[in-house]
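Chemist: Coordinates for the following, if possible.
(one chain, ligands or ions: 1)
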Amino acid sequence: MRVNIEIDKDSGFCNGVVRAIRTAEQNLSNPGELYTLGAIVHNNSELDRLGKKGLKVIDLEQMSKLSDTTVLIRAHGEPPSTYELAKERNINLIDCTCPVVLQLQKKIADTSGQIVIFGKIGHAEVNGLVGRAEGRAVVVENLSQINKVDFSRPVNIFSQTTKDPDEFEQVCSKIREKMHDPAQLTVHNTICRQVAQRHSRLSAFARNHNVIIFVSGKDSSNGKVLYELCKQNNERSYNIQSLKEIDRSWFKPGDSIGVCGATSTPKWQLTSCARFLKISLKNYICSKFYSIIYGNYSRF
Ligand code: SF4
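Modeler: Sure, this is the predicted structure:
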């Protein structure tokens with residue numbers, strides 16, 4: 001089957017993830033164990049690759065039982081309580097909190113009054129931000145949750161760095177509408193610039209192709225947002241975690257196929273996906289002919 005395949009040049013790890021992974025790899029050559037608090041990236045293939053090099057993923061409970069060791073803090077950042085725990089347990093921290101997230105944490109810590117964080121409840125970055133607000137923050141995931149806000153008091157609203165800019169704007173306008181004094185709403189647009197730029201470029205990329213293969217771990221918050229964006233711009237968008245999920249019935253002869261991913265998707269995974277599509281779709285006619293004769297039809 002003749003198809004055209006293009007990899008989105010803007011997809012792949014964001015700077016924060018690149019920095020965290022590079023630091024982990026540099027430190028893996030040192031003697032002793034290296035742990036990461038939570039998955040360093042929401043991508044199982046990349047986690048397997050780093051796991052083979054010795055990186056061990058732990059949660060907070062496991063960390064509280066460790067001592068005299070090294071733990072890496074990923075790009076999402078952590079609340080102050082994690083730093084206190086590390087001190088108590090004599091744990092050496094390698095802090096890979098993304099500089100953009102660090103700035104946001106500082107801004108929240110320096111802001112007084114009611115704080116609203118537009119983000120995913122329980123997400124590591126959001127937990128870190130809530131920790132900085134010392135009990136003054138409410139987290140709003142979507143429009144249906146804005147009634148958590150006290151509209152009679154001044155509001156400072158911040159966004160998780162990977163949220164959808166349009167959705168953030170909608171949430172801010174709705175809160176403004178409901179405020180007793182709309183002038184008391186201060187909007188801090190803290191969506192990461194790298195993410196915001198990807199939104200507009202990815203929309204165009206999705207529209208320019210017949211089929212979109214979006215490669216991303218299903219736990220990636222940014223992956224969910226960007227995949228939704230692809231879907232809005234191109235109905236024939238498919239989110240896959242591994243090549244095994246690709247189905248031949250998604251493609252037609254002459255299709256132009258776009259391969260893209262989230263800020264947690266490594267470039268090597270996009271390249272191997274494109275290579276796989278190229279080889280398997282090219283061989284499809286042969287394999288179909290073979291399957292008609294021998295009755296051994298498979299997806300490709
Ligand atoms: S998305 Fe932006 S803010 Fe978040 S880790 Fe990546 S570079 Fe940093």
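Chemist: sec struct for I115, please.
Modeler: Applying DSSP: H, G, I helix; E, B strand; the rest coil to I115 yields a three-state assignment of strand.
Chemist: Could you do A183 as well?
Modeler: helix.
Chemist: can you pull the pLDDT of it?
Modeler: pLDDT for A183: 96.
Chemist: now F289
Modeler: According to the model's per-residue confidence, F289 sits at a pLDDT of 45.
Chemist: Now do the domain split for this protein, please.
Modeler: The chain breaks down into these structural domains: 4-12+194-289, 15-98, 101-191 (assignment by automatic domain parsing).
Chemist: does any part of the first one sit near the ligand?
Modeler: In other words, domain 4-12+194-289. Yes - Domain 4-12+194-289 comes into contact with the ligand (C-beta under 6 Å from any ligand atom), by way of 194-195, 263. Yep, even glycine has a C-beta here, placed from its N, CA and C like the rest.
Chemist: Neighbour count for those residues - can I get that in TSV?
Modeler: As requested, these are exported to TSV (neighbours: other C-beta atoms under 10 Å):
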residue	neighbour count
Q194	16
V195	22
T263	29
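Chemist: what's the closest non-adjacent residue to the residue in the stretch 101-250 of the chain that the ligand sits nearest to?
Modeler: Nearest to the ligand, among the residues of the stretch 101-250 of the chain, is C192, at 3.0 Å (C-beta to the nearest ligand atom). Taking C-beta to C-beta, 6 or more residues apart in numbering as the measure, C192 lies nearest to T161, with 4.0 Å between them; neighbours along the chain are not counted.
Chemist: got it, and I212?
Modeler: S237 (4.0 Å).
Chemist: Ramachandran angles for the one you found?
Modeler: Backbone torsions of S237, given as degrees, to the nearest 10, read phi -110, psi 140.
Chemist: doesn't V215 make contact with it?
Modeler: No - the pair formed by S237 and V215 falls short of the contact definition of C-beta atoms under 8 Å, at 11.5 Å.
Chemist: just how off-centre is the helix or strand that contains R49 within its chain?
Modeler: When secondary structure is defined using DSSP states H and E, the element that contains R49 is helix 44-52. Using C-alpha atoms, centre = their mean, to the nearest Å, the mean C-alpha position of helix 44-52 is found 16 Å from that of the whole chain.
Chemist: Could you list the alpha-carbon positions for that helix in CSV?
Modeler: What follows is the C-alpha trace of helix 44-52 in CSV, where atoms were taken according to Å, rounded to 0.1, in the frame of the first residue of the first chain:
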residue,chain,number,x,y,z
ASN,A,44,6.7,2.8,29.5
SER,A,45,9.1,2.1,26.7
GLU,A,46,11.5,4.9,27.9
LEU,A,47,11.0,3.7,31.5
ASP,A,48,12.0,0.1,30.4
ARG,A,49,15.1,1.5,28.7
LEU,A,50,16.2,3.4,31.8
GLY,A,51,15.2,0.5,34.1
LYS,A,52,17.6,-1.7,32.2
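Chemist: Give the buried residues for it.
Modeler: Neighbour-count burial for helix 44-52, counted by 16 or more other C-beta atoms under 10 Å, picks out 45-47, 49-50.
Chemist: And for the residue in the stretch 201-300 of the chain positioned nearest to the ligand, nearest residue in space, chain neighbours not counted?
Modeler: Ranked by C-beta to the nearest ligand atom, the top residue of the stretch 201-300 of the chain for proximity to the ligand is T263, at 4.9 Å. For T263, ignoring the flanking residues on the chain, the nearest one in space by C-beta to C-beta, 6+ apart is C14 at 3.9 Å.
Chemist: who touches that neighbour in this structure?
Modeler: Neighbour list for C14: 75, 98, 192, 194-195, 263 [criterion: C-beta atoms under 8 Å, 6 or more residues apart in numbering].
Chemist: Among these, name the ones in helices.
Modeler: When these are checked against helices using DSSP state H, the ones located there are 194-195.
Chemist: Identify, from the contacts of C14, the entry nearest to E88.
Modeler: Here the nearest of these to E88, counting by C-beta to C-beta, is A75; it sits at 24.2 Å.
Chemist: wouldn't that closest one be in contact with F13 here?
Modeler: No - contact between A75 and F13 fails when scored by C-beta under 8 Å: they sit 9.6 Å apart.
Chemist: more crowded one of those two?
Modeler: Regarding A75 and F13, a neighbour count based on other C-beta atoms under 10 Å identifies A75 as having more, with 28 against 22.
Chemist: For the more buried one, give me the pLDDT.
Modeler: The pLDDT attached to A75 in the predicted structure is 96.
Chemist: ok, now how distant is the residue nearest to T263 from V57?
Modeler: Taking C-beta to C-beta, to the nearest Å as the measure, C14 falls 20 Å from V57.
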